[in-house]
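Colleague: need a 3D model of the sequence below.
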Amino acid sequence: MAKYGSEQILPYNNEEHKTTQVRRMFDSIAGTYDQLNHTLSLGIDKIWRRKGIAFLRPFSPASILDIATGTGDLAISMHRRLKADRIIGADISEGMMEVGRQKVAEAGLSDHITFEYQDCTALTYPDNSFDAVTAAFGVRNFENIEQGITEMYRVLKPGGHLMILELSSPVHFPMKQLYNIYSKVVIPTVGRLLSKEHTAYSYLPASIKVVPQGKVMTDLLSRVGFSEARSRTFTFGICSLYTGSKGGSQTTTTV
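Modeller: This is a model prediction of the structure:
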C-alpha cells in the first residue's frame, strides 16, 4: 500500500501508534472542539458540509456510515437534509462521540443517529452494509489512509456512494501565501487561547499540508475500486470534496 505524508505526522511522539495519539488528542479537546472548529473556519465549514450533502441528495441514501464523525455535525446535517432512516457515526474518540450523543439527544434524533467506536482501518460491519459512506475532515488522521478507504469501499453497497470532505492546501497565488500565514500563525494562536491542548493546533496545519489531495486522492479512490472518482475544491482550495461510487469513470475537476 502507498504511504502518505499525513500518516507520518503525529500529535505527540514517535513511540506510539498514530491512532492512539489521535484518540487521546481528540478526547482532550472534545469539549471545545465545536467552538474552535467554527471559529477557525469562520463558520464556512457549515457551507462545505452542505455542499458535500448536496452530492448525496439525488441518491436518497437510507443508511449512511459517517467515518470519523467526531461530534456528529455532519451526521446531524445529513439526517436533516437527506432524511436518512439510519446514520451511524463511527469514531475512535469516545470523548468526541459523547458530545455528539448529547447534541443528537437534544435535537430529538437519537432514533435515527447512533454513535459507535470503530477503527476506520478495521470496521466491524459486514460487506455491502450502507447506501453511503462519508467522512468530513478526518482522513488526514488515519494511520493508514489506503486501508481506511478500502474499508469504506468494502462496507458500501453496490451502487452506493462515497463522500469525503477534507481540508487542503491552496496552490495558487495569493491564497497559497495567505493560507500559509493563517495556518502557521492564526491556527496555533487561536488554539492555544481557546484550548488547553496546544499540540492539536500545531498538528492540524502540519497534517493538512501533506494529506493526499487532488489527483493523488482520486487516483487512490480508483485504485481501491471506486468508479467516477472526482474532486472539487471550495473557498480557493482550502477544502476539497472527493466523491466516488461503484461504477463509472474517473475525472478530476477544480471549481
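Colleague: helices and strands around the longest helix belonging to the chain, which ones?
Modeller: Across the chain, the helix with the greatest residue count (assigned by DSSP state H) is helix 18-40. With contacts defined as 3 or more C-beta pairs under 8 Å, 6 or more residues apart in numbering; DSSP states H and E, the packing partners of helix 18-40 are helix 44-56, helix 94-106, helix 187-194, helix 200-210. All C-beta atoms are positioned from the backbone trio N, CA, C, and that covers glycine.
Colleague: could those be laid out in CSV, adding mean neighbour count, mean pLDDT and distance to Thr235?
Modeller: As requested, those are exported to CSV (neighbours: other C-beta atoms under 10 Å; pLDDT from 0 to 100; distance: least, C-beta to C-beta, whole Å):
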stretch, mean neighbour count, mean pLDDT, distance to Thr235
helix 44-56, 17, 97, 6
helix 94-106, 18, 98, 24
helix 187-194, 16, 81, 15
helix 200-210, 20, 90, 13
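Colleague: and of those helices, who's closest to Asn144?
Modeller: Nearest to Asn144 among those is helix 200-210 (14.3 Å), distances taken as C-beta to C-beta.
Colleague: can I get the helix or strand just after that closest one as CSV, trimmed to CA atoms?
Modeller: Counting by DSSP states H and E, the next helix or strand C-terminal to helix 200-210 is helix 215-224. Output of helix 215-224 as CSV, limited to C-alpha atoms (Å, rounded to 0.1, in the frame of the first residue of the first chain):
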residue,chain,number,x,y,z
LYS,A,215,-5.4,13.8,-8.4
VAL,A,216,-3.4,11.9,-5.7
MET,A,217,-6.6,11.3,-3.8
THR,A,218,-8.8,10.4,-6.8
ASP,A,219,-6.1,8.0,-8.1
LEU,A,220,-6.2,6.3,-4.6
LEU,A,221,-10.0,6.1,-4.8
SER,A,222,-9.8,4.5,-8.2
ARG,A,223,-7.1,2.1,-7.2
VAL,A,224,-9.2,0.9,-4.2
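Colleague: relative to the whole chain's centre, how far out is helix 215-224?
Modeller: 16 Å (C-alpha atoms, centre = their mean, to the nearest Å).
Colleague: what helices or strands is it leaning on?
Modeller: With contacts taken as 3+ C-beta pairs under 8 Å, 6+ apart, helix 215-224 sits against helix 145-155, strand 156-167, strand 227-234, strand 239-245.
Colleague: what is the burial count for Ser110?
Modeller: Neighbour count for Ser110, taken as other C-beta atoms under 10 Å: 12.
Colleague: what strand or helix carries it?
Modeller: Using DSSP H and E, Ser110 sits within no helix or strand.
Colleague: shouldn't it be in contact with Gly100?
Modeller: No - between Ser110 and Gly100 there is no contact under C-beta atoms under 8 Å: 10.8 Å.
Colleague: measure stretch 64-83 end to end?
Modeller: 11 Å (C-alpha to C-alpha, to the nearest Å).
Colleague: ok, now stretch 166-181?
Modeller: 20 Å.
Colleague: buried ones in that stretch?
Modeller: Glu166, Leu167, Ser168, Ser169, Pro170, Met175, Tyr179 (16 or more other C-beta atoms under 10 Å).
Colleague: done for today, thanks.
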